[in-house]
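Visitor: Sequence first, then the predicted structure:
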Amino acid sequence: MEQVDVIDGQSPVSESQGRREELKELMLQGLWKNNPSLVQVLGLCPTLAVSSTFTNALGLGLATMAVLVCSNLAVSLVRNWVPKDIRIPVYVMIIAALVTSVQLLMNAYTYGLYQALGIFIALIVTNCVIIGRAEAYASKNPPLLAAIDGFMMGLGFTLVLLVLGGLREIIGMGTLFDGAELLLGDWAKSLRIELFHADASLLLAILPPGGFIGLGLIIAGKNAINDWMGRKQRTEKAHCSVPAAGARATQL
């Protein structure tokens, strides 16, 4: 028989399984269980103000995701050299430098979207999602896991922005992917879809109050799904426990 080396009391197989479980948990935390917008309810200012169209939501979501990944990676790399007393100012400086870089890149390559998003690009610095992940996770974990955590949290944040932006654009203006050329170039003008013709836009959906209502409906939908899944799991456990109890009674 082949011998399997055991390191620190764990075989390579169990170690790889543990890594897969950790990656799976990071994915679930970012996309569903601990979603920045739906569970933590962080970053409401850009979420409500910018997500009036799908294109704006995608642009801000990608910018936030890039900053999250890079800031988590940078914080994890310097975590052992930064004194605890000054860690928050250092994290803010790192995030500010990254946001400035993203802002300059958007100004150079997607100027129309840069103008549409305006000050909300710079306000990524104050997004509690980014500083929160830097403090809660990146400062306590190795670089690879920190980068994956930043990507999953950023992806969860971006997906909520896209759903909210798409709904608000459809209800408010009857279109989808309007202004996609601001992010993707002139060829993306053909992506615009007019779902229905509206003589006048529904301002409630486009303005921040519509963002509050839309986000509330999305959160309510997530909570309803969680309740349904919880009831389903409890029902399955109850069905599994009944045959087991019957088998024990038969043996007695």
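Guide: Structure's in. What do you need? Numbering: from 1, shown residues only.
Visitor: Dump the C-alpha coordinates for stretch 76-87 into CSV.
Guide: Extracted in CSV, the C-alpha atoms of stretch 76-87 (Å, rounded to 0.1, in the frame of the first residue of the first chain):
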residue,chain,number,x,y,z
SER,A,76,-3.0,41.4,3.8
LEU,A,77,0.6,41.8,2.5
VAL,A,78,1.4,44.6,5.0
ARG,A,79,-0.6,43.3,7.9
ASN,A,80,2.4,42.1,9.9
TRP,A,81,4.3,45.4,9.6
VAL,A,82,1.6,47.9,10.4
PRO,A,83,1.2,48.7,14.1
LYS,A,84,-2.3,48.2,15.4
ASP,A,85,-2.6,51.7,16.7
ILE,A,86,-2.3,53.3,13.2
ARG,A,87,-3.8,50.5,11.1
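Visitor: Show me the strands in the stretch 101-250 of the chain, by range?
Guide: Using DSSP state E, counting those that start in this stretch, the strands of the stretch 101-250 of the chain run over 175-176, 193-194.
Visitor: between the ones you listed, which one is nearest to residue 108?
Guide: Nearest of the strands of the stretch 101-250 of the chain to residue 108, taken as CB to CB: strand 175-176 at 27.5 Å. Where C-beta positions appear, they are placed from N, C-alpha and C, glycine not excepted.
Visitor: mean confidence score for that closest one?
Guide: For strand 175-176, the mean pLDDT works out to 92.
Visitor: ditto for stretch 120-130
Guide: On average, stretch 120-130 scores 91.
Visitor: Could you identify which of the strands of the stretch 101-250 of the chain is most buried?
Guide: strand 175-176 (a mean of 19; mean count of other CB atoms under 10 Å).
Visitor: tell me the contacts of the nearest residue to residue 67 once chain neighbours are set aside?
Guide: In space, residue 67 comes closest to residue 98 once its chain neighbours are excluded; the distance is 4.9 Å by CB to CB, 6 or more residues apart in numbering. Residues counted as contacts of residue 98 (CB atoms under 8 Å, 6 or more residues apart in numbering) are 66-67, 70-71, 74.
Visitor: rewinding a little: and the strands of the stretch 101-250 of the chain as a markdown table, adding distance to residue 167?
Guide: Formatted as a markdown table, the strands of the stretch 101-250 of the chain follow (distance: least, CB to CB, whole Å):
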| stretch | distance to residue 167 |
| --- | --- |
| strand 175-176 | 10 |
| strand 193-194 | 14 |
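Visitor: Farthest-apart pair in the contacts of residue 98, please.
Guide: 66 and 74 (12.3 Å).
Visitor: ok, residues contacting stretch 139-147?
Guide: 22, 26, 69, 72-73, 75-77, 79, 87, 91, 137-138, 149.
Visitor: Show me just the buried residues among those.
Guide: Buried members of the contacts of stretch 139-147, scored by 16 or more other CB atoms under 10 Å, are 26, 69, 72-73, 75-76, 79, 87, 91, 137-138, 149.
Visitor: What about those, which are in strands?
Guide: Within those, no residue falls in strands by DSSP state E.
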